[in-house]
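A.B. asks: what follows is a predicted structure for the sequence shown.
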Amino acid sequence: MLEIGVDNGGGLEIWKKYFPANTVIHGIDINEDCAKLKFPENIHFHLGDATNADFIREHFEDEQFDIILDDGSHHPKDVIAAFLNLFPLLKNGGIYLVEDCELSYQKNCLNGGFLKKGSTIEFFKSLVDSLNYDYIDAADLTREQKKTLKEYNKMIRKILFYPNICAIEKYAREKEEPFQTLMTGLIDYANPLSRKRPEDLRALIEINKEMFS
């Protein structure tokens with residue numbers, strides 16, 4: 001697990017108690033005082049900025065995480081930059097969590113507001129389109145939109161919004177091609193245009209089971 005935003009270290013210690021004893025937990029913070037904290041075994045602190053791609057590459061190039069939790073500055077530009085840096089390090093089947101999304105709506109905090117362009121919540125709402133990329137007319141997209149949505153379409157299984165929290169879950173394995181519609185009933189179909197051979201249907205079912213297991 002990786003947590004952005006260590007503060008006094010309480011969050012890291014809670015995760016250690018919550019997860020199995022052999023869980024390895026990493027924390028990132030820009031506050032130099034955090035480096036003075038003493039942590040138990042399997043908790044590793046990294047002094048640095050999660051929005052800095054060079055820092056992430058230097059410290060985590062060979063790491064893959066089951067869970068990444070952003071409880072850092074909560075500033076939209078930092079949240080978005082950290083996500084762009086760290087989501088590729090999330091394991092297949094892993095989950096990326098962002099806390100305190102309610103700040104996106106508060107005008108007196110981080111220049112937020114309802115439907116505020118560039119806010120944390122609006123960024124993650126925009127990723128919903130990646131789930132349905134296969135159905136979007138390419139003519140409606142810019143080259144950059146097409147590249148971004150296509151890339152996340154291969155990785156993001158679902159996006160969940162809770163009060164104050166956004167959760168992005170990866171597929172168990174990367175999606176390689178658009179999903180195909182499965183018709184129920186392996187014996188016959190009322191609509192002859194919908195017919196598929198039973199062996200073809202069974203193969204598709206197995207593929208989808210693997211994707212969502």
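C.D. replies: Okay, I see it. Numbers count the residues shown, from 1 in each chain.

A.B. asks: burial check on residue 22, number of neighbours?
C.D. replies: By other CB atoms under 10 Å, the residues close to residue 22 number 7. C-beta here means a position set from N, CA and C on the backbone, and glycine is covered the same way.

A.B. asks: now it. Nearest residue, chain neighbours left out?
C.D. replies: residue 42 (7.2 Å; CB to CB, 6 or more residues apart in numbering).

A.B. asks: can you map out the helices along the chain?
C.D. replies: 10-18, 53-60, 76-86, 120-126, 128-131, 143-155, 198-212 (DSSP state H).

A.B. asks: the residue nearest to residue 22: neighbour count?
C.D. replies: Residue 42 - counted by other CB under 10 Å - has 14 other residues nearby.

A.B. asks: residues contacting it?
C.D. replies: By CB atoms under 8 Å, 6 or more residues apart in numbering, the residues touching residue 42 are 16, 22, 23, 24, 25.

A.B. asks: switch the cut-off to 7 Å
C.D. replies: Shown in contact with residue 42 (CB atoms under 7 Å, 6 or more residues apart in numbering): 16, 23, 24, 25.

A.B. asks: and what of residue 74?
C.D. replies: Residue 74 neighbours (CB under 7 Å, 6+ apart): 100, 103, 110.

A.B. asks: can you give me the pLDDT of it?
C.D. replies: Note on residue 74: pLDDT of 93.

A.B. asks: and for the one 4 residues further on?
C.D. replies: In the predicted model, residue 78 carries a pLDDT score of 95.

A.B. asks: now it, nearest residue through space, not along the chain?
C.D. replies: residue 51 (5.2 Å).

A.B. asks: and that neighbour, backbone torsions?
C.D. replies: Note on residue 51: backbone dihedrals following degrees, to the nearest 10 are phi -80, psi -10.

A.B. asks: that one: neighbour count?
C.D. replies: 22.

A.B. asks: my guess is it contacts residue 84, does it?
C.D. replies: No. The pair residue 51 / residue 84 is not scored as a contact, 8.8 Å apart, by CB atoms under 7 Å.

A.B. asks: number of residues surrounding residue 138?
C.D. replies: Neighbours around residue 138, by other CB under 10 Å: 10.

A.B. asks: cool, and residue 176?
C.D. replies: 8.

A.B. asks: how much space between it and residue 130?
C.D. replies: Residue 176 is 15 Å from residue 130, where distance means CB to CB, to the nearest Å.
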